[in-house]
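S.K.: Sharing a sequence plus its predicted fold:
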Amino acid sequence: MAASNPSSRQASSIFELTTKSVEETQQLGERLGSLLRAGDVVALIGELGSGKTTCVQGIAKGLGIDPSSVKSPTFVLLRDYPGGRVGLVHVDGYRLEGEPQAIWLDLEWMFSAKKVTVIEWADRFAGCLPEARLELRLAHKTTNQRLLSAIPHGPRAMEVVAGLRSS
Ligand SMILES: Nc1ncnc2c1ncn2[C@@H]1O[C@H](COP(=O)(O)OP(=O)(O)OP(=O)(O)O)[C@@H](O)[C@H]1O
Ligand SMILES: [Mg+2]
């Protein structure tokens, strides 16, 4: 039997998609949102204007929350959207300076087992993120094209990525 290769297993579990418009990024978000359940964490990582908030709007829609209510929580760290099939916690680390300390973050609120948590600039929360999470990387390809890569960390996130692939 061939020896299993963890790096190729990891590579094959990544789901990638190039979107060509805001609407396509929202649609991918919606597909993802419809697969999420309470306790799931989505860590969005991507440069300015790469489409993180656009994607969160789609995720909200997939959870049954009005997507137009989702704005980038630029001046606050966190916004809570109740209602929908599952509540949504939207975190944005853009204004954080230095790595936040778990001690001054309300981690129980941020990563509520009763809600879905999505985090923009998740790389700025490195030490505070749960191990089990779906990492979603966004990158500019052209003015209107974004490469979205969903990278699962843990079995639950792998299940979500499998769902994305087949939806
Ligand atoms: N394929 C695409 N998907 C998403 N956004 C796109 C796409 N093509 C162009 N855009 C534009 O890119 C911008 C994305 O903005 P958005 O607020 O979603 O990014 P962001 O990553 O949240 O930015 P920030 O880092 O400021 O929070 C918008 O101006 C949108 O019109
Ligand atoms: Mg944003």
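M.R.: Received it, and whenever you're ready, just let me know what you need. Being a predicted model, the structure only gives us computed values, none of them experimental. Numbers count the residues shown, from 1 in each chain. Ligands and ions are numbered 1, 2, ... in the order given.
S.K.: need the contact list for the residue nearest the centre of the chain.
M.R.: What sits nearest the mean C-alpha location of the chain, by CA atoms, centre = their mean, is Val42, with 3.0 Å. Going by CB atoms under 8 Å, 6 or more residues apart in numbering, Val42 touches 32, 36, 59, 116-119, 133-134, 136. Using the backbone N, CA and C atoms, a C-beta is placed for each residue, glycine as well.
S.K.: Not counting residues beside it along the chain, what's closest to it?
M.R.: Excluding its sequence neighbours, the residue lying closest to Val42 (CB to CB, 6 or more residues apart in numbering) is Val118, at 4.5 Å.
S.K.: Just the element for the one you found, please.
M.R.: Taking DSSP states H and E as the definition, Val118 sits inside strand 115-120.
S.K.: Could I get the contacting residues of the residue nearest to Val42?
M.R.: Counted by CB under 8 Å, 6+ apart, Val118 has contacts 41-42, 44, 56, 59, 88-91.
S.K.: Could you list every helix and strand in contact with the helix ranked longest in the chain?
M.R.: Counting by DSSP state H, the longest helix found in the chain is helix 22-35. Packing contacts for helix 22-35, counted by 3 or more CB pairs under 8 Å, 6 or more residues apart in numbering; DSSP states H and E, involve strand 15-19, helix 52-63, strand 145-153, helix 155-166.
S.K.: Surely Arg37 touches Val116?
M.R.: Yes - in terms of CB atoms under 8 Å, Arg37 counts as a neighbour of Val116; the distance is 7.4 Å.
S.K.: shared neighbours of those two, anything?
M.R.: Residues touching both Arg37 and Val116 (CB under 8 Å, 6+ apart) are Val86.
S.K.: In terms of neighbours, single out the busier of these two.
M.R.: Using other CB atoms under 10 Å as the criterion, Arg37 and Val116 rank with Val116 on top: 27 against 12.
S.K.: For the chain, which residue gets nearest to ligand 2?
M.R.: Closest contact between the chain and ligand 2, by CB to the ion, is at Thr53 (3.4 Å).
S.K.: what helix or strand is the residue nearest to the centre of the chain on?
M.R.: Take DSSP H and E as the rule and Val42 turns out to sit in strand 41-46.
S.K.: Then Lys141?
M.R.: Applying DSSP H and E as the criterion places Lys141 in strand 133-142.
S.K.: Using PDB, write down the CA coordinates of that strand.
M.R.: Provided in PDB are the C-alpha atoms of strand 133-142 (Å, rounded to 0.1, in the frame of the first residue of the first chain):
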ATOM      1  CA  ARG A 133     -12.100  26.200  11.600                       C
ATOM      2  CA  LEU A 134     -12.500  26.800   7.900                       C
ATOM      3  CA  GLU A 135      -9.900  29.100   6.600                       C
ATOM      4  CA  LEU A 136     -11.000  31.100   3.600                       C
ATOM      5  CA  ARG A 137      -8.300  32.900   1.700                       C
ATOM      6  CA  LEU A 138      -9.200  35.600  -0.900                       C
ATOM      7  CA  ALA A 139      -6.800  37.100  -3.400                       C
ATOM      8  CA  HIS A 140      -7.000  39.600  -6.200                       C
ATOM      9  CA  LYS A 141      -6.500  38.100  -9.700                       C
ATOM     10  CA  THR A 142      -7.700  41.000 -11.800                       C
END
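S.K.: Brilliant, that's me finished.
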